[in-house]
Each structure stands twice: as structure tokens, then as C-alpha cells.
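[1] Could you look at this predicted model? Sequence included:
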Amino acid sequence: MNNAFDNHAKTAWCPGCGNFGILDALKEALEQLALSPRQVVLVSGIGQAAKIPHYLNSNVFNGLHGRSLPVAFAVKSVNPGLTVIAESGDGCMYGEGGNHLLHAIRRNPDITVLVHDNQVYGLTKGQASPTSEDGFVTKTQPQGSLSKAFNPMSFAISQNTGFVARGFSGDKEGLIKILREAILWKGLSLVDILQPCVTFNTVNTFGWYKKRVYTLDGHYDSTNRIGAFEKSLEWGERIPLGVIYRHEHPTFQDKIRDTFGVDNLVYQGRDSHLVLANEWSRFR
Amino acid sequence: MVDYSIKIGGEAGQGVQTVADSLSRIFLRSGLQVFTIQDYQSRIRGGHSFTQIRLSDAPLCAMRKEVDMLVCLDSATCRIHAGEVSERGLVLGALDQSDPSYSRSVISLDFAAIAKEAGNPIYANIVAVGAVLGILGFGINLMEEYLSEVFRKKGDQVIRENNNALRKGFQRAQELYGQALLPDIQQNRDHSSVLLNGNDALGLGVVLAGCTFYSAYPMTPSSGVLNFVAGRAKEYGILVEQAEDEIAAVNMAVGASYCGARAMTGTSGGGFCLMTEGLGLAAMTETPLVILNAQRPGPSTGLPTRTSQGDLEFVIHASHDEFPRFVLAPGEPREAMNAVIRAFNLTERFQVPVILLSDQYLADTEWTYPDLQVDEKADSPHTVLAVQGYRRYVPTENGVSPRALPGSGPGLVIADSDEHDEWGHITEDLTIRLSQQEKRMRKIQFMKSAMRSPRCLEGEDVTLIGWGSTYGVLYEVRNNLREKGMRAGLVHFTDLYPMATETVELARNLPNPVVVEGNYLGQFARLLERETGRAFPRRVNAFNGLPFFVEELEMRIKEILS
């Protein structure tokens, strides 16, 4: 099969890593949406998940730990014609970048945020992450994590994020469907993707997830915020997959267009004579 | 030659700035040269703040300490500043003339009471403006016109009330004083001169440079630039985003620039600390970026509203490992305006970050310019189309690789903060690391050729050396020393880093150097020592948060020479 987003790169991931499922699903989703690699910009932070842009054919800005969202926001603001996907791990997006996630949601730029959530820091060899369960034992938390797990779904719904979904890297078809919807969504979409770390997380394994995950069916109303909030609290024996909440509202791009009449900020030049003619009298 | 200084003081919120702005505009429109400085505290109301205006019929570039007229909007102003009033000086305000602490002539005028008579006590500051004009012997027509302009949107009644208050203040002061203080001054209507402070000048530079994306987190004294650009965003098509923090601000600017915006961020030292990670990102990804650092005394939050030149060594070394960058420090507002345009041209030409160093003194000081000419021209975009197989980091002789924008062609644009290969893909191949680091560092030699020589005014007995915002005061002090028979020279740097070979040579041979700067360690002197291998032991430093005043600096230079 010929996928335009395939770049046949060698990955630095462990054999059997949950990231592979996400990479395959993303390539497939982009291909199914008939996007061209030149239209797509993948922005990432740091970590194993953040290497993903290097493994598929698209424009890439692989920046700093936790800082993918300010970059993705700016990229979309400058050139709204591009499809912008910010992608990184739970440590990057919810830990170091937590503040940026909060404010990216407030801005609601038309970007897709994909979080590879394996509840552990892989690249730094196995510390607790913001989504690790309370009591999760690591070399750094030998007595078990003393903090509660961050709930990205509840958080996102509480902030009235436009599109909030959960995927699982072991459910490729389901994930492709979610990714397609998320990329098409006008505004910020957050997809938390359960992605087992085969090396450092011996609790939340593929088997552990397979026993628990189920896909939300057609009866579930993802536009009901209170219901969505309840659904977002479901974790443990049963873990819902799919679009948990959706709520359409103006994007940052809509607002800058309406307020400032600006559609594209790529520098084309500016007439300094005109500027001076305008400004001159203001300094007299 | 007329050389007259007026200081207006009061609590924050009393309208000190309104009085000062009105007066300085009238002086400007009367064809005079005006120079103003501001001093304020980190608070919204109360405390003490002042603005000082110096006016002359000859060009001005610095402030004297001595005050000829002290306008007191509150009684504390008189207590704090009475000692600065000159022999011939006057003190104006609701003051008790019999108070023995006031050794100068006091003209007792209760601005608020007069304003109340005129209709409303809130016009006290306009009464003060009228009183000053009445005492100096200026007509009030220009002022009436000015008020009409300022309050045009608020309607005729507000204009009438203001003019009433103005006339009352003017008449009362004339009755009390009975003469014109500056009868000899030539007053001609001037339609071309402008009054420009550093922050507005920087903002103007941002617009002129073609900036399309300005992200910042507010921090004194850089916020004036943010406000200036935000006020013009719609007019010129600039996205101004108030970021959640400085980390976001710098990352946004880098992201915007990657996509082809002319992007800039502005902050002060504390915010710059947070931006150092993003500075390294811009360097590693070779993404053009202009960062303004309006210095203030610190470390930590320091003295938020005061001035300093203490960040030079920091910005030269900020962020980890080694990478090239430009550091520019304009000396006065118009130069600041031009420096922004130059900064954008440099960052795009060399694909290295440019740091502009300003400070509170430059930010808030107004200079008079006969017109608003711009010396620099914004380059057209330095980009290529992304062709098939485009290599973002292809090695070149001067280290600069052709920059394409994502989406501009069939090729992909891959930027990486990790070490990367020619295409931009992450690598741990150490041979590639060597060639990429060499490519980046190769730019330095090439960058030096873009650096400009310092301004040089020769002298043998002493050469005053300075950088950034101290230009004006050094210039006046140098002239004063020459008038007094000393062969004084001045060498002023705006292009600080990297230093061109000729500049190093020049610095090595300057006769009797004294380095003057607003920090404790003598950071620029140390930079010169490092670059030239010569010692610069004679230094004048200030780190009290205040700018250099002419008389003080002259005295300190004489002291160090004797």
C-alpha cells in the first residue's frame, strides 16, 4: 500500500511499543483525509512520543519539552491553510506543558492535540508521569507515587474544550476514526491515546487495557456536557473510548479574522512610507 | 541659549503625566527642543512619581539634575525635590510660603481650588499647565488647540471645561508672577518636529520592520512596546498575543517565524530568564527571532520601574552550550526605531537570534527629532520555495542554509531542536553533530562583517566609552569637558556582540579610556578586556536604579581622572 505519509524512517522505539499503533493510525487517517504532506505540520515536544513527526512524511517542528502548543498555535495563526497537529507524551503535554494546554484550550486554535498517554516517563527511563496512578512504583517513586493521577478528559471538559476524545493504540480502526474526526474538527481537539509502555509500565499493559476498554456507542450523547463529565470519570474496570465531548464554538482563527481582518501573517512586506504618513502626526 | 528644566511631581493617579505631556507638546509645537524623563514607582496609585522636562532652543540629549521650576501636585513633591531647585528657580503649588524648608521662591497656587472655581476639581492638572505657561510667558492658543485635539472625542463640553481651567490657571499665575520668565525665547509654530520616547520608537520600528507576529507577557519596562504594537495591530495586520508566560511568548514567536511571520517578543530581564530555553530553540532550529530585553535592576524582580544596564553579560551567554547571536543596544529613540528594522534584517539574513537591549531610561525618555526619517529599510523576505528533497540545514560556506517555509512547495520543512541532519531529522550520528555545529558556528565570522563601528568623537585627555542608553548623557558631558578645556573624546557602542575585528582594534588603541555604564561589575569593560586583551581599569558605574544626570556624571569623571 502506498501512503503519502510513509517515510520509511527507522524508529528509536522499543519493539512492541504502543507508539507504533499511533503512528500507523495517524498515517492512515491523514491519507484517508486526502491531505498532502506539504499541507500538514506536525509539532512536537520532547520524549519518545515526540519523535513521531520524524517517522512520517510531513512538515515538522520538533521543539522543546512541553512547548509544542505555543508553537502549534503560532503556526496555525500565521498560516491557517496548514493542518496543524501537536503531538507528544503525557509528561510533555500534561507535566511540563500543563500551563500551555490550559491556555491553548482558552484560545481554541484550530489544531489537533494528540497525547501519547502511557502513564510513565519512558525516555528518562521510568519515572511517574502526571497520569500515573496514585501509588505507582518506580525507581524515583520507590514508595509509590504520592500524587493523584491527572484526568485529562475531565480537565478538558471542565474547560469546555471543543473536542475531547480517548483512543487506544491497540484499537487501530477506532483510533483512525477518532483521529479523522479530530483533525476535521474546527477548533482545538484533544485526543488522549492510551499507549502501553512495554518497558517501564508493567501495570497498564496491552492486556490490562484490552480487558477494560470499550467503545462508546451511537446512544451516547457527546454534546451533553454533564453526561460527558460523568463519562470522563469512568476509569478502572471499564474505560470508555471515543469522542467523549464535543461543543462547537468560534476558533481563534475565526476571531482574528473577524476582529483584525487578518487571514495570513506570512511576511509579504510593509510600506514604510504609508506607516510614517500614518504615524507622524501622533508624535507631535 | 535657553536651557530650562521643569519638574512635575505628585502621586501616581494625580495626572503628573498629563501635565508633562501637555507642556512638552506645547514646547515642541513652539519650535523648542524638548527632552523628558520619567520616574515612577511600582504601584497604581499614591507614592511619588515625577516627570522632568528640559527645554532649549538648541538640541538636547540628556537631563540635568538641577530644576528651574518645580511643579508640586502634592506637598511631598516639594519636600523631596526642593533641594534640586536652582538659585533662580521657582516652586509652584498649594504650598505655605512661610515654611522655612522652602529656600526658593514659592508661588502659592492651589491648583485644585482654582479648578473647582473653574467648574470641577478634576481639572487641577490642567490648571497647573495653564499656570506654568502663564509664568513662562507662553501664549495659550497652542494649548487650547492641543486640548481640543486630545478631547475631540469627548465632545465640546469637556473641551470648554478644560479650556476654562487652563485660562484660570494661566491668569492666576500671571497675576501672581506679573512677568514672563522666558521673554527671550523664540516661539515659532513648528509643524515637523516630533517627540519620541524609546518604547514608542521601538514599537514604531516593529511596525516599520514588517513584524506580523508579536507575542509577549507584560513586564515593565517592555510593556510600552507591547501596548504600542497592540494599538496598531488592526491597522497593519499584526497578531499581538499576550502569552500565558514568557516561555510561551518566545515559543510562539519561534513557531510563527518558522512559518514565515516576522516575529518578535519583548520582555525585561526576569522574563528573558524564562525565555533562554526558547532562545536556544531559535538558535538550534536556526529560526529568525528578535527578542527585546528592556533591562531593569535585579536580580529576581528587583526594581521594576527603575533603570539598569546589568544584563549585558547575561544576554551574551544566555542559554546552554554555544551558538551565535547578535546583541544590539541602541543609544536613543530614533536609533531604537532603526535598530528594530536592522534586527529583523539581521535575524533573517543570518538565521540567528537578535537580542535588542533597552532599559527603563531609554524606554521612557523622550527626545525631539526634527522629523521622523527612517534610515533602515526592511529587507524583502529571505526565503526560498520548498523544492522536492529540500534540505533545511544543508551545509554552506557561510553557515547559512536557504530557508523555505512549510507549504511553499512540494518539499517538506523539518526543524528540530535535537541535533539533526541536513534534512532536519533527529540524529545521534556524532559526525553529523560536528558538521552541523561547525555550520552554525561558521556564521560568526560572517556576522562580524555586518556589525557597525561605534560612534567616535576623538579626544586625547580622556575617551569616554559607553553603550546603549547612556549615549546622550555621555555626549553632553564630553562637550562640557571640552568647553572646560579638556580634550575629551567619546566612543559609543550600539553593536555589542559579536565584535568586529576593526572595532576590537579601535578599542585596543583608545587613549585614556574611562568606561561608563549602569551596572556594578563593569560588564562592557570586561567584554572589551576579553576581546582586546587590554585592561580597562578606569570605570564609572551606577547601579542605584537611576539614570546618569549630566552634572553628576561630569563630576564622577573628573574625580576618576584626578
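    Right, received. Where do you want to start? Numbering: from 1, shown residues only, chains lettered A, B, ... in the order given.
[2] hey, let's count contacts and neighbours off CA atoms from now on
    Fine.
[3] How about the backbone phi and psi for the residue lying closest to B:T212 once chain neighbours are set aside?
    Excluding its sequence neighbours, the residue lying closest to B:T212 (CA to CA, 6 or more residues apart in numbering or on different chains) is B:I238, at 4.3 Å. Phi and psi for B:I238, reported as degrees, to the nearest 10, are phi -120, psi 130.
[4] B:A542 versus B:I238, what's the distance?
    From B:I238 over to B:A542 the distance is 38 Å, taken as CA to CA, to the nearest Å.
[5] Same check on B:V150?
    B:V150 is 38 Å from B:A542, where distance means CA to CA.
[6] higher neighbour count, those two?
    Ranked by neighbour count (other CA atoms under 10 Å in any protein chain shown), B:V150 and B:A542 place B:A542 first, with 21 against 12.
[7] and the nearest residue to the more buried one once chain neighbours are set aside, how many residues sit next to it?
    Among residues not flanking B:A542 along the chain, B:G518 sits closest, at 4.6 Å (CA to CA, 6+ apart). Other residues within reach of B:G518, judged by other CA under 10 Å, total 28.
[8] likewise B:E397?
    Around B:E397 there are 10 other residues, counting by other CA under 10 Å.
[9] sec struct for it, please.
    coil (DSSP: H, G, I helix; E, B strand; the rest coil).
[10] about what we covered before: ok, the residue nearest to B:A542 - contacts?
    Residues near B:G518 by CA atoms under 8 Å, 6 or more residues apart in numbering or on different chains: B:S308, B:Q309, B:G310, B:N541, B:A542, B:F543, B:P547.
[11] 6 Å - rerun?
    B:G518 is in contact with B:S308, B:Q309, B:N541, B:A542, B:F543, counting by CA atoms under 6 Å, 6 or more residues apart in numbering or on different chains.
[12] For it, what are phi and psi?
    Dihedral pair for B:G518: phi -90, psi 60, per degrees, to the nearest 10.
[13] circling back: between the contacts of B:G518, which sits nearest B:P324?
    B:Q309 (21.5 Å; CA to CA).
[14] Give me the pLDDT for the closest one.
    At B:Q309, the model reports a pLDDT of 98.
[15] Would you mind naming what in the stretch 401-550 of chain B lies close to chain A?
    The stretch 401-550 of chain B has residues B:G407, B:P410, B:L412, B:V413, B:I414, B:A415, B:D416, B:S417 near chain A, with proximity defined as CA under 6 Å from any CA of the partner chain.
[16] Of those, which is the most crowded?
    B:I414 (32 neighbours).
[17] quick one: pLDDT of that one?
    pLDDT at B:I414 comes out at 98.
[18] just the one 4 residues further on next, same as before
    You'll see B:D418 listed with a pLDDT of 97.
[19] How about the contacts made by the spatially most central residue of chain B?
    A centroid search over chain B (CA atoms, centre = their mean) returns B:L362, at 2.5 Å, as the residue closest to the centre. If you count contacts by CA under 6 Å, 6+ apart, B:L362 has them with B:G198, B:S469.
[20] now with 7 Å?
    B:G198, B:E332, B:P333, B:S469 (CA atoms under 7 Å, 6 or more residues apart in numbering or on different chains).
[21] now swap in B:R392 and tell me
    Counting by CA under 7 Å, 6+ apart, B:R392 makes contact with B:S401, B:P402, B:R403, B:V413, B:I414, B:E422, B:W423, B:G424.
[22] switch to 6 Å and redo it
    B:W423.
[23] for B:R104, what are its contacts?
    By CA under 6 Å, 6+ apart, the contact set of B:R104 is empty.
[24] Any idea how many residues pack against A:I157?
    Neighbours of A:I157 (other CA under 10 Å): 21.
[25] Likewise for A:G269?
    That count, for A:G269 with other CA under 10 Å as the rule, works out to 16.
[26] so how far is the helix or strand harbouring the residue nearest to the centre of chain B off the chain centroid?
    Counting by DSSP states H and E, the element that carries B:L362 is helix B:360-364. Taking CA atoms, centre = their mean, to the nearest Å, the mean C-alpha location of helix B:360-364 is offset from the chain mean by 4 Å.
[27] what does the lengthiest helix in chain B rub up against?
    Longest helix in chain B, counting residues (DSSP state H): helix B:156-177. Residues from elsewhere that reach helix B:156-177, judged by CA under 6 Å, 6+ apart: B:A115, B:A118, B:I126, B:V127, B:G130, B:A131, B:G134, B:I135, B:S148.
[28] What residues of it count as buried?
    Across helix B:156-177, burial judged by 16 or more other CA atoms under 10 Å in any protein chain shown covers B:159, B:161-174.
[29] list the buried ones in whichever helix or strand B:R54 is part of?
    Element membership for B:R54, per DSSP H and E: strand B:46-56. Using 16+ other CA under 10 Å as the test for burial, strand B:46-56 gives B:H48, B:S49, B:F50, B:T51, B:Q52, B:I53, B:R54, B:L55, B:S56.
[30] Now do stretch B:284-303: distance to the chain's middle.
    Remark: stretch B:284-303 is offset 14 Å from the chain centroid, using CA atoms, centre = their mean.
[31] Check stretch B:262-280 too.
    Its chain's C-alpha centre and that of stretch B:262-280 lie 17 Å apart, by CA atoms, centre = their mean.
[32] same thing with stretch B:16-28?
    19 Å.
[33] For the contacts of helix B:156-177, which two are the farthest from each other?
    The span of the contacts of helix B:156-177, defined through CA to CA, is set by B:I135 and B:S148 at 22.3 Å.
[34] what does the stretch 101-250 of chain A put close to chain B?
    Residues of the stretch 101-250 of chain A lying near chain B (CA under 6 Å from any CA): none found.
[35] Give me the neighbour count for the residue of the stretch 101-250 of chain A found nearest chain B.
    Of all residues in the stretch 101-250 of chain A, A:H103 sits closest to chain B, at 6.7 Å by CA to the nearest CA. Counted with other CA under 10 Å, the neighbours of A:H103 add up to 16.
[36] re the thing from before, switch the buried residues of strand B:46-56 over to TSV; also include pLDDT and distance to chain A.
    TSV is the format used below for the buried residues of strand B:46-56 (pLDDT from 0 to 100; distance: CA to the nearest CA, whole Å):
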residue	pLDDT	distance to chain A
B:H48	95	27
B:S49	96	23
B:F50	96	21
B:T51	97	18
B:Q52	98	18
B:I53	98	16
B:R54	98	17
B:L55	96	15
B:S56	95	17
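[37] How about the helix or strand of chain B with the lowest mean pLDDT, which residues are buried there?
    One helix or strand of chain B scores below all others by mean pLDDT, DSSP states H and E: strand B:105-108, with a mean of 88. Neighbour counts using 16+ other CA under 10 Å place B:V106, B:I107 of strand B:105-108 among the buried residues.
[38] Pull the CA coordinates from that strand and hand them back as CSV.
    Extracted in CSV, the C-alpha atoms of strand B:105-108 (Å, rounded to 0.1, in the frame of the first residue of the first chain):
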residue,chain,number,x,y,z
SER,B,105,10.7,81.4,45.6
VAL,B,106,7.4,79.8,46.2
ILE,B,107,4.4,80.7,44.1
SER,B,108,1.5,79.5,46.1
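[39] Mind listing the residues bridging to A:V120?
    In this structure, A:V120 bridges to A:A128 when assessed by DSSP bridges.
[40] Could you tell me which residues make contact with it?
    With contacts defined as CA under 6 Å, 6+ apart, A:V120 is in contact with A:G126, A:Q127, A:A128, A:S129.
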